[in-house]
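Novice: Next one to model:
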Amino acid sequence: MSERTQITARPYRLHNQIQNYAWGTRDNDAFIPHLLQFDPQPGVPYAELWIGTHPKAPSQVELPDGSMMLLHEWIAQEPRATLGKAVNARFGGLPFLFKVLSAGQSLSIQAHPNKAQAEMLHEQDPAHYPDDNHKPEIAIALDHLTALMGFKPFDQLVGTLSRYPEIADFVGRETVNRIVATTAPFDVIAGTLTRELFAELIQHAIEDPPALSAAVDAVAQRLTGACENPSEAETLFLELGDRYGNQDVGLFALFLLNIVHLKSGEALFTEAGVPHAYLKGNIVECIASSDNVVRVGLTPKFRDAAALIKIVDTTPRIPKILDGSPTTLPSGVTTASYPVPAPEFEMARLVLPAGADFEATKGDRPAIALVIRGSIDLLWDGQHDTYAQGASAFLPACLDSYTVRATEDAEVMIANVPAV
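Specialist: Residues are numbered from 1 along each chain as shown. As a prediction, the model looks like this:
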């Protein structure tokens with residue numbers, strides 16, 4: 001192997017790609033340009049920054065001589081040094097995709113398949129499901145996040161059907177009466193009834209778009225005509241109805257889902273099948289390396305209602321908000337960690353006052369660090385390199401430990417593979 005691609009135990013600077021999806025933030029509100037310290041182009045949406053090896057937008061790694069190489073090609077040359085023995089044996093590549101996501105408008109109501117479902121969808125429709133991997137994900141708010149997450153508790157769903165008779169009539173009174181008549185059901189029964197409710201809603205929307213339009217219009221007319229203090233869901237319904245029109249079943253689906261608000265440092269973990277949509281806010285997201293999304297509404301993109309009905313998890317629940325269990329060390333550094341039931345990734349957050357050090361020992365596994373604000377030095381083996389706000393580093397498995405030193409007040413997000 002040439003000296004140019006020799007991989008040594010040190011951090012490597014990354015150069016990453018931006019995705020300009022229509023729902024991204026723009027102009028003065030554009031978070032990603034602010035993070036990366038450049039001026040946004042007028043009117044251009046800046047939605048996601050991808051950090052990883054996914055073929056849709058792979059990162060480049062900067063080598064010590066200043067040359068660049070695609071991260072996945074670089075890893076492939078020395079997988080043992082970059083990934084570590086266990087990670088390479090299990091995954092054969094970097095198993096996670098690290099993102100910054102900046103939503104100025106709502107993302108689609110969607111769910112992600114599990115591994116077996118992803119393999120099936122990819123085989124059947126590779127154009128819309130570009131890989132065969134599952135997509136568990138964690139979203140950590142950088143400032144705030146408003147999201148839809150999972151079906152409401154069963155008693156709240158019953159209340160929703162009573163409050164919006166237009167939805168109940170559209171779903172069908174036979175189904176609705178069976179749901180309303182069920183008192184305090186066991187979780188399995190509640191999930192089964194919720195699946196029936198959701199499937200009837202989606203199926204009727206597919207079969208009779210004019211009926212959906214009429215029902216949506218009826219709700220909108222009632223809310224605009226007589227509702228003095230609309231709920232948050234009602235306000236969203238009216239706003240999103242103006243954007244997506246009256247034939248988007250997502251407008252009714254949002255009444256069935258929990259609305260969740262996260263503050264900075266709080267997080268949500270989304271398992272396979274759980275319906276969700278990020279509505280507004282700036283987050284760091286880590287997912288298994290996949291771009292599989294099954295959409296049903298609130299989007300002009302491809303919608304696959306039939307697939308969603310098959311994979312959706314209809315268990316009514318209150319979403320669990322993770323706070324990372326922050327701990328402040330004697331040095332003044334605050335650490336938070338977000339363990340999740342995904343073998344591909346885990347996340348940590350560091351908040352450091354100027355001049356403080358944090359020594360990290362990660363063992364034989366890879367990690368990626370992203371500076372959210374401020375500036376840091378990464379120190380290793382008597383050497384150091386400075387990373388300003390927006391800069392990111394790949395920390396190869398062969399780098400067993402390193403030190404983060406804040407050259408000014410700083411915040412750093414770190415993604416790594418959990419220890420086996």
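
Novice: Now do the helices in the stretch 301-420 of the chain.
Specialist: Assigned by DSSP state H, counting those that start in this stretch, the helices in the stretch 301-420 of the chain fall at 305-311.

Novice: Against Gly66, how distant is the nearest residue to Ala215 once chain neighbours are set aside?
Specialist: Of all residues not flanking Ala215 in the chain, Phe170 sits nearest, at 4.2 Å (CB to CB, 6 or more residues apart in numbering). In short, each C-beta sits where N, CA and C put it, glycine included. Counting by CB to CB, to the nearest Å, the separation of Phe170 from Gly66 is 61 Å.

Novice: quick one: which of these two has more around it?
Specialist: Between Phe170 and Gly66, Phe170 has the larger neighbour count (other CB atoms under 10 Å), namely 23 against 7.

Novice: Surely the more buried one and His204 touch.
Specialist: Yes. In this structure, Phe170 is within contact of His204 by CB atoms under 8 Å, at 6.2 Å.

Novice: Identify the contacts common to these two.
Specialist: Ala211, Leu212 (CB atoms under 8 Å, 6 or more residues apart in numbering).

Novice: Just give me the neighbour total for the nearest residue to Gly43 once chain neighbours are set aside.
Specialist: Distances taken as CB to CB, 6+ apart place Arg26 nearest to Gly43, at 6.2 Å, with adjacent residues excluded. Look at Arg26: counted by other CB under 10 Å, it has 20 neighbours.

Novice: Check the contact between Arg26 and His34; I expect there is one.
Specialist: No. Contact criterion CB under 8 Å: Arg26 and His34 do not qualify, at 11.9 Å.

Novice: low pLDDT regions in the stretch 151-300 of the chain?
Specialist: For the stretch 151-300 of the chain, the stretches flagged by pLDDT under 70 are 226-227.

Novice: got the residue ranges for the helices in it?
Specialist: If DSSP H, counting those that start in this stretch is used as the criterion, the helices of the stretch 151-300 of the chain fall at 154-163, 165-171, 173-180, 187-207, 209-226, 232-244, 250-253.

Novice: Val420: which of these is closest?
Specialist: helix 187-207 (31.6 Å; CB to CB).

Novice: report the angle between the axes of that closest one and helix 209-226?
Specialist: On the basis of axes from the mean of the first three to the mean of the last three CA atoms, to 10 degrees, helix 187-207 is oriented at 110 degrees to helix 209-226.

Novice: from the middle of its chain, how far away would helix 187-207 be?
Specialist: A distance of 25 Å separates the centroid of the chain from that of helix 187-207, by CA atoms, centre = their mean, to the nearest Å.

Novice: pLDDT wise, what is Phe91 at?
Specialist: Phe91 is assigned a pLDDT of 95 by the prediction.

Novice: My guess is it contacts Leu83. True?
Specialist: Yes. Checked against CB under 8 Å, the pair Phe91 and Leu83 is within contact range at 7.5 Å.

Novice: the more surrounded of those two?
Specialist: Ranked by neighbour count (other CB under 10 Å), Phe91 and Leu83 place Leu83 first, with 26 against 18.

Novice: Please enumerate the strands of the stretch 301-420 of the chain.
Specialist: 327-328, 334-338, 346-352, 357-361, 367-373, 375-380, 383-388, 392-395, 401-406, 410-416 (DSSP state E, counting those that start in this stretch).

Novice: Those strands: which one's closest to Arg222?
Specialist: Among those, strand 334-338 comes nearest to Arg222, with 41.6 Å by CB to CB.

Novice: now the closest one and strand 346-352, what's the angle there?
Specialist: For strand 334-338 against strand 346-352, the angle by the same axes, to 10 degrees is 170 degrees.

Novice: For strand 334-338, which strands pair with it and how are they oriented?
Specialist: Counting by DSSP bridges, the strands paired with strand 334-338 are strand 327-328 (antiparallel), strand 346-352 (antiparallel).

Novice: any chance of those in CSV, with distance to Leu157, mean pLDDT and mean neighbour count too?
Specialist: Listed next are these as CSV, based on distance: least, CB to CB, whole Å; pLDDT from 0 to 100; neighbours: other CB atoms under 10 Å:
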stretch, distance to Leu157, mean pLDDT, mean neighbour count
strand 327-328, 38, 97, 10
strand 346-352, 32, 97, 22
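
Novice: Let me know which of those is the nearest to Leu14.
Specialist: The nearest among the strands paired with strand 334-338, by CB to CB, is strand 346-352 at 16.8 Å.

Novice: And the contacts of the closest one?
Specialist: 138, 140, 265, 267, 284, 286, 324, 326, 332-340, 358, 374, 376, 404, 406, 409-418.

Novice: tell me the pLDDT at the residue nearest to Gly43?
Specialist: For Arg26, the predicted pLDDT is 98.

Novice: who's in contact with Ala190?
Specialist: Going by CB under 8 Å, 6+ apart, Ala190 touches Phe154, Thr182, Thr315, Pro316.

Novice: hmm, 6 Å instead?
Specialist: Contacts for Ala190 were tallied using CB atoms under 6 Å, 6 or more residues apart in numbering; they are Phe154, Pro316.

Novice: One more: the one 4 residues further on?
Specialist: By CB under 6 Å, 6+ apart, the contact list for Thr194 reads Phe151, Thr314, Pro316.

Novice: Quick check: the last one touching Pro153?
Specialist: Yes. Counting by CB atoms under 6 Å, Pro316 does reach Pro153; the two are 5.0 Å apart.
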